[in-house]
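> Sequence first, predicted coordinates after that:
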Amino acid sequence: MLSRVAGNIYWMARYLERTEDLARLVNVNANLALDLPRGVSPIWGQLIAITGADESYQGDYEERSVLRFLITNSSSPTSILSSLSYARENARTIRDVIPREVWETINTTYHYARENTSMALSKRGRYPFLQEIISQCQVITGILAGTMNHDVGYTFLKIGRNLERADMTSRIIDTRSANLLPEEVSQTTTFDNLQWMSVLKSLTGYQMYRREMQVRIRRQDVLQFLIYSKEFPRAIAHCVNTVENSVGGVPNSGPILESIADLREHLTNVDVEKLKAGRLQAFIDEIQVGFASIHDALYRTYFGGDTEEAESA
């Protein structure tokens, strides 16, 4: 397979996963807001920092401004609309490699997002808009799993999807460690547990958490589940294992496997249950550096060329 085609499949998968997970990330705050007492609201500006968009964001940190930047702003490289646009462009260039239904669904979802910006920014319309985006991304994942040849192209698709998923799960964990609530509220045990429940629900992981952990919602148990579970598909350990198993079937994978081994060593040498909030944030930052190292090794080994070209090709 041409490196350009492999790269476009990889980026299409990453942008589709980024679209879905960014919708989930926004829902962390949106769902949390519904359960809080009157007059108390989440700190929306934290989401800008979590997506790494501090330098490019120029608005205030009120709810509507942040949501416009994260959902509908086509000039924002981190918005849902931009991620869908990048996924669509990558899919367009490989239409002869992916099932036709995948291209059609990506194209339809992109136009839905572009044509319903006012719905996305309204309190009444936000939830159904985000749920539609999430559902369509899941439909695309299902079509790919059920109809695309499971060859080397599908291998790069799995690598891209799971690397992005692991990164975004770490960022969603970061929403809690960054503290979504005013300090006087977040220190209350009831609301502390409520925030962790919102994190689980944003990953559709609440029921799976209860099934695997069989304990009530507690910070240390949620962290253990979302970082180390080998069964939950959005847990970091599960995603890293999937990337490792996928890479192992591709030639010249030594540098990538070395980067994965470094990340795995870092994960196993830390007891997350003993990490305080500030140290947890630092730990998550270090994990994200590990994801970046894996991506760089993949890029040098298989894709080549200019990074920006690969992302938007």
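Perfect, I can see it now.

> Could you use CA atoms for every contact and neighbour count after this?
Noted.

> In this protein, which residue is most central in space?
Nearest to the geometric centre of the chain sits residue 168, at 3.0 Å (C-alpha atoms, centre = their mean).

> Which residue, neighbours along the chain excluded, lies closest to it?
Distances taken as C-alpha to C-alpha, 6 or more residues apart in numbering put residue 21 closest to residue 168, at 6.4 Å, once the chain neighbours are dropped.

> Distance of the one you found relative to residue 133?
Distance of residue 21 to residue 133, computed by C-alpha to C-alpha, to the nearest Å: 10 Å.

> which residues touch the residue nearest to the centre of the chain?
18, 21, 22 (C-alpha atoms under 8 Å, 6 or more residues apart in numbering).

> Next, it: phi, psi?
phi -70, psi -30 (degrees, to the nearest 10).

> got it, and residue 113?
Backbone torsions of residue 113, given as degrees, to the nearest 10, read phi -60, psi -40.

> Verify the stated contact: it with residue 82.
No - with contact defined as C-alpha atoms under 8 Å, residue 113 does not count as touching residue 82 (9.9 Å).

> Report the contact partners of residue 126.
Applying C-alpha under 8 Å, 6+ apart to residue 126 gives the contacts 119, 120.

> Repeat the analysis, applying 10 Å as the threshold.
Residue 126 sits next to 26, 27, 30, 67, 71, 117, 118, 119, 120, 132 when contact means C-alpha atoms under 10 Å, 6 or more residues apart in numbering.

> How about the second one: what's its closest non-neighbour residue?
Distance criterion C-alpha to C-alpha, 6+ apart; nearest residue to residue 27, sequence neighbours excluded, is residue 202 at 6.2 Å.

> Can you report how many residues lie near that neighbour?
By other C-alpha atoms under 10 Å, 23 other residues sit near residue 202.

> Relative to residue 282, how far out is it?
Relative to residue 282, residue 202 is positioned 22 Å away (C-alpha to C-alpha).

> Output the below-cut-off pLDDT ranges for the stretch 151-300 of the chain.
For the stretch 151-300 of the chain, the stretches flagged by pLDDT under 70 are 175-191, 277.

> and the residue nearest to residue 76 when sequence neighbours are not counted, how far is that from residue 113?
Nearest residue to residue 76 in three dimensions, chain neighbours excluded: residue 69, at 6.3 Å (C-alpha to C-alpha, 6+ apart). Relative to residue 113, residue 69 is positioned 14 Å away (C-alpha to C-alpha).
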